Structures are given as C-alpha cells and as structure tokens.
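Visitor: here is my input; please provide its structure:
(chains A and B)
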Amino acid sequence: VIRVLSVDDHPLLREGIAELIGNQSDMQMIGEAANGREALEPFRKHHPDITLMDLQMPEMSGIDAISAIRGEFPDARIIVLTTYAGDFQVSRALKAGARGYLLKGMLRQELLETIRACMPGESACPPRLPPKLLSMRLTMS
Amino acid sequence: VKRHIQVGESGIGLWFHEDRFGVFWVIYGSLGYIGTLDRKTNRLTRYEYDWKTGTAQPNQAYCMLEDSNGTMWFGTAAGLMKLDRYNRRFISYSHDPDDPETIGENRVIALFEDREGNIWAGLNQTEPNYFPTRPLPFENLTRFSHSEERQLSGLVTAIYEDGRGIVWLGANRRLYHINRNTREVLPFEGIDNSDVYSIIPDGPDVLWFGNAYPGLLRYNAKTGERRGYRHNRGDPTTLCSGVIYHLLIDREGTLWAATWDGLCQLNSSTNRFTKYTPAPGSRGLNYYAIGQAPDGVLWLGGNLGLHRFDPQTKTFSVYTHHPEDPTSISDDHVNAVFFDRSGNLWAGTQNGLDKFDPATRTFKSYDQRYGISGSVVSCVLEDSRGTLWMSTNAGISSFNTKTEHFSNYTPADGLPGPDLTGTGACYKSSRGEMFFAGFSGATAFFPDNVAESPYVPQPVLTDFRLFGSSVIPGRRSPLKVAINRASAIQLSHSENIFSIEFSALSYLNPETNRYRYKLDGIDKGWREVGSDERLATYTTLPAGNYTFRLGAATSRGPWSPDVTLAMKILPPFWQTYWFLTCCVAVLGGILGLLYRLRLRQISAQFNLRVEERVGERTRIARELHDTLLQSFQGLILRLQVVNELLPEGKAKEKLEQTLKRADQAIAEGRTALYDLRSSTVTTNDLAQALTALGNELAAQDTAAFHLVVEGPPRDLHPIIRDELYRITREALRNAFSHARAQNIEVEITYAERLLRLRIRDDGVGIAQEFLGQGRPGHYGLPGMRERARQIGAKLSIWSGAGAGTEIELSIPASNAYYKSPKRSRWRLFREKVG
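Guide: Alright, predicted model coming up:
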C-alpha cells in the first residue's frame, strides 16, 4: 500500500485528492496538511511513501517544506503540484529535492500513475516534464 | 568845404558802406570824419556839419547804418544823425535833459535796425534807445516839452475837449486847459483845490463841472458867467452830496448827477435838487457812473451794483453780483455805464466788461478769458465802426463786439502809463477823437489811426530744462545743439519732466508779445500765454513721438508761422519690443516647463494606474487560481472517483466525456488566468525570470543556456516587462524546439538610452521563407513583431540556414524604464509650493 500525504492550502482540492487516493486499493491517505509547516508533523509521524506538495501556500511555502522534509528525511519522495507549466518555482522545487511534479489540471489522469511510478524501484518518476506536457504548453502560449 | 584826403590814411578806425544809391560812405581818420568816396576819381569828400546846439567838437562819428528804407543813420559823439537825402541835409537828434523823449545820451556808438524797422541806438553810458519808425497812435496829453508845466503828474480826474480844440483837464486839484497846437497849459482860475470829476457841455457855450468848487459849477464860456451849487446838509433841496461824480443831461435837458449820496436831479426852473436812492437811507451807497437808455431810463453804476432808475415812476431796480450765478453782473463795483449805438447797455466793472440782456435781465461778462489785459474797466466809448474802447488798469483796450475779442494798448503804443483807471474820465469829440484819463495821465487818439501791427515776430526756443534745470548741449546730453538750433530732441522715459522756454524777436514792447504753443499728441488746442509765461512744462508724458509747436505775435499782430521741435520719448525697457519678446520667451519657457511637469504628472498617474491595473489583475488572477481553479480541480478529482465507481456503461461513458470536457475547460480557464497573471509577477527581475525559463527549457534539451546582463539593472515598466518576457520566451522556445543548437544565449543590456535584449543560438537558423511569416500554426515571428511594435520596441532578426539566429529587441529608455512616481519632480515641486 502506498501511503500518501497531501499538502495543499485548498480544502476542496485536498478533498478531491483524498477521495481519489482513498478509492484506490493500493493507496492510502495517511494525512493532510494546509501548508508546509503543518506538513512536517504528519510526515514525521507517518513517514509517507509519497508526499504531494503544493508550492504556493501560506506560512510555509512548498519549497521551504521540501527543504525541511528533505533535511530530515533525505529519501522522502515528494511530488510537486503546480497550476502552471513552466513555473520557475518548479525548478527550484526540483533542486530542493522534489522527485517530480504534476500539473494540477492533469491530476485526474496522471496523479495515480505518477504516484505509482515514483515508488522505490520504479524509475519512471518524472523529474522531467512528460513530452505531452511540453507540446501542450507550446500550443498554450 | 571839400577836402581831398588820401584813402587809407591812418586813424582810429575805418568804416565804409556803399548804400543802395551807390554812395560809398566812409568814416575815417583819427577824428572820425564822415565822408563819401567817389571811386571813379578816387576822391574823398568830407562832410562837415554845424550842430544846432554846437556842443560837440569835433563831431566824432562812430558808426553808420543804412536802414531798410535806404536812409543813412550815423552815430556820433554829438547824437544821432539822419541823412535827409532829398533835401541833402542831415537831421540831428540830440539829448535834451528836460525832455525824456529825446535820445538819452549824445554819444551814439552802435546802430541797429530790428526786424520791425525800429532803429536802436547803443549809447556809451546809458541803456539803448530806439526810434520807432511808425508814429505812435496814442498822444500823451500830460507831457509838454515847452511849457512850465512840463508834466502833469498823477491822477487826471476829468477830460474834455471843447469846440475850439481846447482840452480841459482836471488834475492836481486844479482844472487846466491845454492848447494842443501851441502846447500851452493854462490853469482855469477860480476852482483851485477841487478835484473835478466830470465835465459836460450843455449847449454850445455852457459847461458843467462836476465836483468843481463849490460842488457843481455851471460855466458859460462865452460870457464867462459862472454859477456854483453847494451841498447843504440841512437843506435837502440843495446839491444832494458833497461828492459829485458823473453828470448827465438827459434828452429833455434835465441835469442828473451820480453822487456819493444817490442820484441827484436839478430842477432847472427852481434851481432846486431832488435826491433819489433805491431804499430810504441806503447807507454807504456811492454812485460813480450814469447813462440814459434809449427808452429814457437812467442806469447808474456804483459800489452796490448796477441800478436802474425809472424817471417816470421814480423806482429803482438793483442788479448785483452773485458768485454762484455766472449770468449775474461780474462785480458789484460798477465803474462805467455805456449805451452803444444799438442801445445795448455795457457796464464796466472791477472784473471786466459786462453786456446786459434786457430780455432775460442777465449779463454776459467779458473778462481776461476774452483777452482783456486789465480787468478793471473804468470808462467806455464807441468808435464809428462800433468798436468799444475802454480804459483799464493795464492801459487801453478795444473790444470788437462781433468777434468778442479784445486788443490791448500799452505805454509802448504811446500811452502815458499803464493805469488809466481812476474816476472814469473819458470823452469822445465830435471829430471822433477819443480821450481817456486816469492815474497814469491822459491820452488822446483817433481810433482809425490805431492800426493793427503788421509785424510778425520770429519765435525762438531759448532754453530746454529737465527737472527744472537747463540742459547744456553736448554729446552726452539729450540736446546735441543749442535749443534754438535743435529740430529734434530725444528723451528717455525717466526724463519726463521738461520745460521749454521761448521768446519772440520783437523788442519794442516785449512785455506785450503773445505766445501760443501746443504739443501735438497731448494738447488738443493752443495754449495762449503772455510774455510773463514763456515756459511750457510737460510732465510724465508716455513714450512716443510729439511735436512742440510755438507761435508768437505782437500785442495785436497776427500769429507767426510755427517753430517746431520734434520730441521723442523713448519707452522704458519694459515696454520695448525686445523686452516683450523676452517676456514672451520666458513665458513660453515656463509654459513649456509646466507642460512637461504636467506630462510627467500624467505619466506618473498613468504609471500609477498601470500599477494598480497590474496589481488588480494579479489579484483577480490569484483569486481565481486559489479558489475557483483549485476547487474545480478538487471537484473533478471527486467526479473521477465517481467515474471509477461507476460500472461500465452508458453513464460511465457520459461522465468520462464530461470529465474530458471539464479538463479542457480547466485548461482554458488556466490559460486565461495565465494571461491575466504575468509570468513575472512573482519577480520584478526580468533576468531572473528569463533564467528560470531558460533553465527549465534547457533541462529537457541538449542545448546549454546562458544569460548575460550588462549594465546596472533598472526597474522596468510592468507591462513592458511582461511583453518582453513573452517575446523572449517565444524566441527561446523557438530556439530550443527547432534550432537544434548547442548554445542558446540571452543578453540583456541596460543602457542609458535603451534596453536591449539579444537572443541568439548557434543552431540551424531559420529558413528564409519562415523569417517573414513564421511557421504556420505557431505563434511565431509575426506575433513577436506585433508585440514589439505595440510596446515601441524594434525587433531585428539575423538568421540564415546553418548560421544560427540572433534576435535583437531594443526599446528606448523612455518607454522601457520605470520611473517611480514618488521620485517625480512634479511631486517635489508641489510639495515645495504646497
């Protein structure tokens, strides 16, 4: 069972993610947090396999939270959630230790797949953007 | 006797003059002989002469003069000599100590003829004398050269000429008769010690003497019979007063007298008198003058106004002066009452000549405004032409009743003196000769002989004064030449108080010369002044061009042509054109400055608004992102759960399609948000934003990305920054996607004048056909060009197949750099003045 921690300041989004994860037989939501600071305690307590981390949050941003978590748990697997492709903060998040990132618009289709791909032993956890995203971004501009 | 003398013989002086008759006159020799030179024979003829008086020997001659008539005059040590050419004799004029009308001194050392034809004689020890060439019109009756009573001094109280040509004069408390032919003066015996105030004839033989001893005297010249009337206070039927002024015999032959106690009537049959006064006991009433109107009414002048007495009703009407009423008589002191041939009543007062209008019972007063030189009118007569003549305190004046203009005559015209007022003594003889007498003596003249002077004097300017002091001509002075030679004068605006003094070249009687002047542009008409006011003063004239005009005339002659002086008063510097030009320029500069400040202010406000807009937009974008978008994404996730729970079938299929459409909707919404929300909102630094972008792109590519910044980074205009970011982003994506480059580089140059961005790669380059339109279906070069154009930037692309690509974007500093409104000078300015 993949245990997932979701950190996002937006309750509806957290609910959506929780419901989607909860509906999977191989996944389990072990906690939620509304910002980076709140994420630290559940992380220490439950050692989630995967942490979904929003970047823009009050009090402690996603990047700071990633740094903090990675400081304590170097092997923490964190996937960054962002609204925009090409968000320059994504690169900072990746530098801070995030394993991959997901566009929030693509969560429905890719969240579960990405979580599974980022589990230990899997090599598909995408530090890079999938080609699909790149082409979409270009047409988006 | 003739002597023959060699020309050029030495002497005290040699004077010669050839006159218009060809006679060559010489004064020569140590003794000043007068001679003529016959130039053909070279003979000199000396004139010797015997003087009547025989006093001067030798008869030294000093000077000679040919006057405008050709008459030769000689100044000698024994007086003045005139050559009587036709009688071939010299007429001599020498000094008589007893006769003031002879030349003042015998030694005549200079001769001059003035413009009026008068001969002036310069004397050795006394002031110059002159000989008027025209006979004086006025005869002085109180100077007698060859009689014991050479000069009747002082006031002449009465004057009359009888039918035998004997002039009767009251003077020195005596009565004289003067034989004008023999110049004999004889006292009329028997009335010594009384001032005779009036002499009137009563028939061919009888004369009445007013105020003569014993009060009123009737004298029959033929028989020598005299009858005197005396005033007796106790008897009212005796002569009415102790002072009898003027007498009148009315048309019925009744004798009336103006006295110091009222109007007095003599009943010839009873030899008794009746006295009339306006009101019983009119205290202090003195009558001076009396006249009878054509309707028989008597008019009386006195010290209490002009009184009308109706002999029928024995009633008086009184006319007095009212200062507030200009139609009242000009003065209560009425010296003269006169009826002209038309029956008009004229009254001479202390304040001019008045004409009575019987219809309105008002007076018109002719005073000095009409040109009379003396305001006290003492006695009035009328000549055969209807001109009035009157004695005044300044001589004699004539008054043309048609032109209403006075002419004035003075001692220079032969009057014995200036003041002919006194007792109102005047008389007109049957021949038309007029006699006037007063404090200065007595005179007689025929009005027809008193011709207007034809002489027109030359006016001259004699002095120019600034602020009251004379201006000396000079190079630095406003006066370049002497004022009488100057034709123009230029003054600064501060030299605005100036006077022009003037005179006229008429020497005979300069006091009576008249002047008129005006300053064209200031004075509407002429200002007429007398010789005591030969100064025209003007103050604070505005800048401009003026012409001063001066005319002169003798006392009665016509006006001379004008002498003109052009005056230019320069404007002060603040009225000059260059100053006004400067003012306009400065004003323009200030306006320009204000305009620029205003522009800055507007620009600052605009920037402020742009900032607000950007801020607002960002806020909206964030709100939408944080709430709507996130919520929808969350909801979609929950719908996805529903989708997974649904069994395969139509419902699941429908939901799947709906979710896909929802994904698209979210993507579109996010795109819309992306446009609202600048990609650089999280950082102001273009370089930082581009670095992130480049790194992100490079992370998925083999090409290396570099960013170079030159110059100190400046804040960029938010909108410009966004657009630049977007253009650069497009260029970078093109480079990463299509160039197949090894290196991709962005160079940002913050220059003083402009901001420049260069995006270059070493890739395959852009094919020529795509440089213009870009790749079909892509946001490409045309879009970049369009964006560049909109922000005023210049976009240049260098590229070729295999040669890499360089895109240069340059934008002027004024468009690119962001100026904080807080640093605006306008703000500073407003804070200072505020």
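
Visitor: quote the end-to-end distance of stretch B:706-718.
Guide: Chord length of stretch B:706-718, first to last residue, is 24 Å (CA to CA, to the nearest Å).

Visitor: in that stretch, what's buried?
Guide: B:707, B:709, B:716-718 (16 or more other CB atoms under 10 Å in any protein chain shown). Any C-beta I mention is one placed from the backbone N, CA and C, and that applies to glycine too.

Visitor: wait, does that stretch contact chain A?
Guide: No: in terms of CB under 8 Å from any CB of the partner chain, no part of stretch B:706-718 sits within range of chain A; the closest distance is 12.7 Å.

Visitor: next, the closest residue to residue B:259 other than its chain neighbours: secondary structure please.
Guide: Nearest non-adjacent residue to residue B:259, counting by CB to CB, 6 or more residues apart in numbering or on different chains: residue B:241, 3.5 Å away. Under DSSP: H, G, I helix; E, B strand; the rest coil, residue B:241 falls in the coil class.

Visitor: what is the burial count for residue B:241?
Guide: 24 (other CB atoms under 10 Å in any protein chain shown).

Visitor: please apply the same query to residue B:77.
Guide: Neighbour count of residue B:77, defined by other CB under 10 Å: 19.

Visitor: OK, contacts around the residue nearest to it when sequence neighbours are not counted?
Guide: Distances taken as CB to CB, 6+ apart put residue B:60 closest to residue B:77, at 4.1 Å, once the chain neighbours are dropped. Residue B:60 sits next to B:31-32, B:76-77 when contact means CB atoms under 8 Å, 6 or more residues apart in numbering or on different chains.

Visitor: between which two of those residues is the distance greatest?
Guide: Greatest spacing in the contacts of residue B:60, by CB to CB: B:31 and B:76 (10.9 Å).

Visitor: for residue B:54, give me the pLDDT.
Guide: Residue B:54 carries a pLDDT value of 42.

Visitor: and for the one 5 residues further on?
Guide: You'll see residue B:59 listed with a pLDDT of 68.

Visitor: and for residue A:130?
Guide: 38.

Visitor: check residue B:202 too.
Guide: The predicted local confidence for residue B:202 is 92.

Visitor: now residue B:272
Guide: Looking at residue B:272, its pLDDT is 93.

Visitor: swap in the one 10 residues further on?
Guide: Residue B:282 carries a pLDDT score of 71 in this model.

Visitor: in a strand, residue B:627, correct?
Guide: No: read with three-state DSSP, residue B:627 is helix and lies in no strand.

Visitor: what sits against it?
Guide: Contacts of residue B:627 by CB under 8 Å, 6+ apart are residue A:10.

Visitor: quick one, helices of chain A?
Guide: A:11-22, A:36-46, A:62-72, A:88-96, A:107-117, A:131-140 (DSSP state H).

Visitor: and the longest one, what's its mean pLDDT?
Guide: Averaged over helix A:11-22, pLDDT sits at 88.

Visitor: do the same with the fourth one
Guide: When pLDDT is averaged along helix A:88-96, the result is 76.

Visitor: give me the contacts around it.
Guide: For helix A:88-96, using CB under 8 Å, 6+ apart, the contacting residues are A:53, A:55-56, A:62-63, A:66-67, A:70, A:80, A:82, A:101, A:127, B:682, B:688-689, B:692-693, B:695-696, B:699.

Visitor: so how many other residues sit close to residue B:262?
Guide: Neighbours of residue B:262 using other CB under 10 Å come to 23.

Visitor: oh, I was asking about residue B:786
Guide: Other residues close to residue B:786 by other CB under 10 Å number 11.

Visitor: same deal with the one 4 residues further on?
Guide: Counted by other CB under 10 Å, the residues lying close to residue B:790 total 10.

Visitor: swap in residue B:386?
Guide: Residue B:386, neighbours per other CB under 10 Å, totals 12.

Visitor: please apply the same query to residue B:404.
Guide: So residue B:404, with other CB under 10 Å, has 12 neighbours.

Visitor: and the residue nearest to it when sequence neighbours are not counted, its phi and psi?
Guide: Excluding the flanking residues, the one nearest residue B:404 by CB to CB, 6+ apart is residue B:370, at 5.9 Å. Note on residue B:370: backbone dihedrals following degrees, to the nearest 10 are phi -90, psi 0.

Visitor: and residue B:327, by the same measure?
Guide: phi -90, psi 0.

Visitor: what do you get for residue B:688?
Guide: phi -60, psi -40.

Visitor: that one: neighbour count?
Guide: Residue B:688, neighbours per other CB under 10 Å, totals 16.

Visitor: any idea how far it is from chain A?
Guide: 8 Å (CB to the nearest CB, to the nearest Å).

Visitor: pretty sure residue A:15 sits against residue B:639.
Guide: No: the pair residue A:15 / residue B:639 is not scored as a contact, 11.9 Å apart, by CB atoms under 8 Å.

Visitor: what's around residue B:158, how many residues?
Guide: 29.

Visitor: so it: helix, strand or coil?
Guide: Under three-state DSSP, the three-state class of residue B:158 is strand.

Visitor: list the contacts for it?
Guide: Neighbours of residue B:158 in contact, by CB under 8 Å, 6+ apart: B:168-170, B:175, B:196-199, B:209-210, B:423, B:425, B:437.

Visitor: just the pLDDT for residue A:127.
Guide: In this model, residue A:127 carries a pLDDT of 51.

Visitor: show me which of the contacts of residue B:158 is closest to chain A.
Guide: Distance to chain A, by CB to the nearest CB, is smallest for residue B:423 among the contacts of residue B:158, at 130.5 Å.

Visitor: ok, the closest one - contacts?
Guide: B:155, B:157-158, B:195, B:197, B:245, B:288, B:378, B:437-438.

Visitor: kindly report the same for residue B:173.
Guide: B:192-195 are the contacts of residue B:173 under CB under 8 Å, 6+ apart.

Visitor: what about it? Give its phi and psi, please.
Guide: According to degrees, to the nearest 10, residue B:173 has phi 60, psi 30.

Visitor: so for stretch A:47-54, what gets flagged as buried?
Guide: For stretch A:47-54, the neighbour count (16+ other CB under 10 Å) marks A:48-54 as buried.

Visitor: stretch B:466-481 too?
Guide: Applying 16+ other CB under 10 Å to stretch B:466-481 flags B:466, B:471, B:478-479 as buried.

Visitor: run the chain-centre distance for it.
Guide: Centre-to-centre, stretch B:466-481 and its host chain are 20 Å apart (CA atoms, centre = their mean, to the nearest Å).

Visitor: what about that stretch, how long is it end to end?
Guide: Note: stretch B:466-481 ends 15 Å apart using CA to CA.

Visitor: could you pull out the helices for the stretch 501-650 of chain B?
Guide: Listed in chain order, the helices of the stretch 501-650 of chain B (DSSP state H, counting those that start in this stretch) span B:577-623, B:630-645, B:650-676.

Visitor: helices along chain B, start to end?
Guide: Going by DSSP H, chain B shows helices at B:577-623, B:630-645, B:650-676, B:686-699, B:718-734, B:768-773, B:781-790, B:813-816, B:825-833.

Visitor: near chain A at all, the third one?
Guide: Spelled out, that is helix B:650-676. Yes: residues of helix B:650-676 contacting chain A under CB under 8 Å from any CB: B:659, B:663, B:666-667, B:670-671, B:673-674.
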